[in-house]
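Q: After the sequence you'll find the predicted model.
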Amino acid sequence: MTPFESGPEDHSDSSEFDFSNVLESMSTAGVFAVDRRLNVIFWNRFMEVHSKLKASEVLNQSLPRFFPELKEGWFAKKVRSVMVLGNQSYTNWTQRPYLLHFPSSQYSVGDVDHMYQNCAMWPLRDTKGVVQGVCVSVHDVTEMAMAQKMLEDATEQALEFEESSNRDEMTGLYNRRYFFEQLNHDIARCKRYDWPMVVAIFDVDKFKDVNDTYGHPAGDEVLIEIGNRIQTCLRSSDTLCRFGGEEFALLLPNLPGSASVSVLNRLRESICATPIQTEHHQISVSISIGGVQFEFDKPSKDALSEADKALYEAKLTGRNKVVMAN
């Protein structure tokens with residue numbers, strides 16, 4: 001009698017049917033069973049087709065012997081758990097791509113060399129109700145898995161494209177386009193929580209001299225390093241953008257005007273305190289910053305205009321300084 005035949009004490013109507021024959025001949029789902037020693041005691045048609053192993057080859061043989069990729073310790077623990085607790089256990093392809101390595105089926109979508117599988121395990125009892133082994137079902141979900149992966153890849157590509165369109169190609173900072181999107185977002189957020197906000201614009205002092213003296217490649221390295229240094233001084237809620245050329249813009253939500261000068265001076269000092277090491281030179285540079293406490297009852301373009309005027313004043317009055325708009 002196979003593990004799936006009804007015992008002699010079973011007098012229900014179902015005893016008239018040979019369910020084991022159905023399971024043995026099933027080619028749409030895999031069913032196999034192992035005893036407590038992991039020896040195979042049942043192997044259906046699906047398992048034969050996809051493993052290329054006949055039932056006669058594997059019956060009463062250790063399953064890991066035929067599938068070296070199956071981690072024997074892990075599988076033995078799963079089998080013991082099901083047998084001792086008498087419960088069911090499941091593995092999903094997202095957690096473990098497959099239980100047994102089978103070649104992908106002819107119906108698979110995409111370039112994949114194995115079958116993705118969902119599996120279930122449940123205790124196998126004898127006619128007296130004693131657990132003697134574990135039965136395992138194997139379902140080919142390769143097409144579903146590949147469809148989900150294709151969707152995830154498409155989503156990831158869309159997100160990467162969106163992110164790249166918001167980034168400055170050279171420095172990797174957010175660009176002017178993103179600045180205005182984030183400005184609107186921060187305005188709404190600060191209004192909601194009644195937070196103050198500072199908008200600042202800064203650029204590199206005498207940057208033309210840097211390019212003329214050291215060359216444009218060195219100038220590019222200077223801009224990249226300035227962006228990196230400023231970023232390390234900011235909070236996760238702050239936004240740094242490259243506006244264009246040597247000009248940068250900052251959004252500093254939840255920053256009161258009383259603290260803005262000291263915060264902006266800390267950013268300024270992070271640049272002038274240490275020369276920037278390029279590939280061939282050490283270049284000392286400074287930045288001038290113009291800032292404004294944002295007034296939410298005025299158009300955003302007014303705040304930017306005031307910050308720009310403050311930056312101009314910082315340039316006129318000596319550079320390497322912070323000026324806040326009145």
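A: Yep, that arrived.
Q: mind listing the helices for this protein?
A: 19-25, 45-51, 55-58, 63-66, 72-85, 142-165, 176-193, 207-214, 216-232, 257-272, 300-316 (DSSP state H).
Q: what is the rounded mean pLDDT of the first one?
A: For helix 19-25, the mean per-residue pLDDT is 67.
Q: what about the chain, any weak spots by pLDDT?
A: Where the chain drops to pLDDT under 70, the residues are 1-22, 25-27, 106-111, 163-164.
Q: re the thing from before, most neighbours per residue, which of the helices of the chain?
A: Greatest average neighbour count among the helices of the chain goes to helix 45-51 (a mean of 20), per mean count of other CB atoms under 10 Å. Backbone N, C-alpha and C define where each C-beta goes, glycine included.
Q: Please export the C-alpha coordinates of that helix as CSV.
A: Extracted in CSV, the C-alpha atoms of helix 45-51 (Å, rounded to 0.1, in the frame of the first residue of the first chain):
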residue,chain,number,x,y,z
ARG,A,45,4.8,11.9,-12.5
PHE,A,46,5.5,15.6,-12.2
MET,A,47,8.6,14.9,-10.2
GLU,A,48,9.8,12.4,-12.7
VAL,A,49,9.3,14.7,-15.7
HIS,A,50,11.1,17.7,-14.2
SER,A,51,13.8,16.0,-12.3
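Q: And it, what does it pack against?
A: Counting contacts by 3 or more CB pairs under 8 Å, 6 or more residues apart in numbering; DSSP states H and E, helix 45-51 packs against strand 30-35, helix 55-58, strand 131-140.
Q: can you put the ones you listed in JSON lines and add distance to Arg192?
A: Formatted as JSON lines, these follow (distance: least, CB to CB, whole Å):
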{"stretch": "strand 30-35", "distance to Arg192": "55"}
{"stretch": "helix 55-58", "distance to Arg192": "65"}
{"stretch": "strand 131-140", "distance to Arg192": "49"}
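Q: To Ile276, which of the ones you listed lies closest?
A: Proximity to Ile276 (CB to CB) singles out strand 131-140 among the helices and strands packed on helix 45-51, at 58.1 Å.
Q: now for that closest one, which elements pack on it?
A: Against strand 131-140 (3+ CB pairs under 8 Å, 6+ apart) you get strand 30-35, helix 45-51, helix 72-85, strand 117-125.
Q: let's see 6 Å
A: Under the contact criterion of 3 or more CB pairs under 6 Å, 6 or more residues apart in numbering; DSSP states H and E, strand 131-140 touches strand 30-35, helix 72-85, strand 117-125.
Q: How far does that strand sit from its chain's centre?
A: 33 Å (CA atoms, centre = their mean, to the nearest Å).
Q: Specify the angle between that strand and strand 30-35 in degrees.
A: Angle, strand 131-140 to strand 30-35, by axes from the mean of the first three to the mean of the last three CA atoms, to 10 degrees: 160 degrees.
Q: So which bits of strand 131-140 are buried?
A: By 16 or more other CB atoms under 10 Å, the buried positions in strand 131-140 come out as Val131, Gly133, Val134, Cys135, Val136, Ser137, Val138, His139, Asp140.
Q: wait, isn't the fifth one in contact with Trp122?
A: No - between Val136 and Trp122 there is no contact, the gap being 8.3 Å when judged by CB atoms under 6 Å.
Q: sorry, back to before: which one, of the helices and strands packed on helix 45-51, ends up nearest to Glu72?
A: strand 30-35 (11.5 Å).
Q: Note down every partner strand of that closest one and its orientation.
A: Applying DSSP bridges, strand 30-35 is found paired with strand 40-43 (antiparallel), strand 131-140 (antiparallel).
Q: measure the residue nearest the centre of the chain to Lys315 for me?
A: Taking CA atoms, centre = their mean, the centroid of the chain lies closest to Glu156, which sits 9.0 Å from it. Using CB to CB, to the nearest Å, Glu156 is found at 44 Å from Lys315.
Q: residue contacts, Asp203?
A: Counting by CB atoms under 6 Å, 6 or more residues apart in numbering, Asp203 touches Glu246, Glu247.
Q: Specify the beta-bridge partners of the nearest residue to Arg189 once chain neighbours are set aside.
A: The shortest distance from Arg189 to any non-neighbouring residue, by CB to CB, 6 or more residues apart in numbering, is to Pro253 (6.5 Å). Beta-bridge pairing for Pro253 (DSSP bridges): Met197.
Q: Touching, Pro253 and Met197? I think so.
A: Yes - the criterion here is CB under 6 Å, and Pro253 meets it with Met197 at 4.8 Å.
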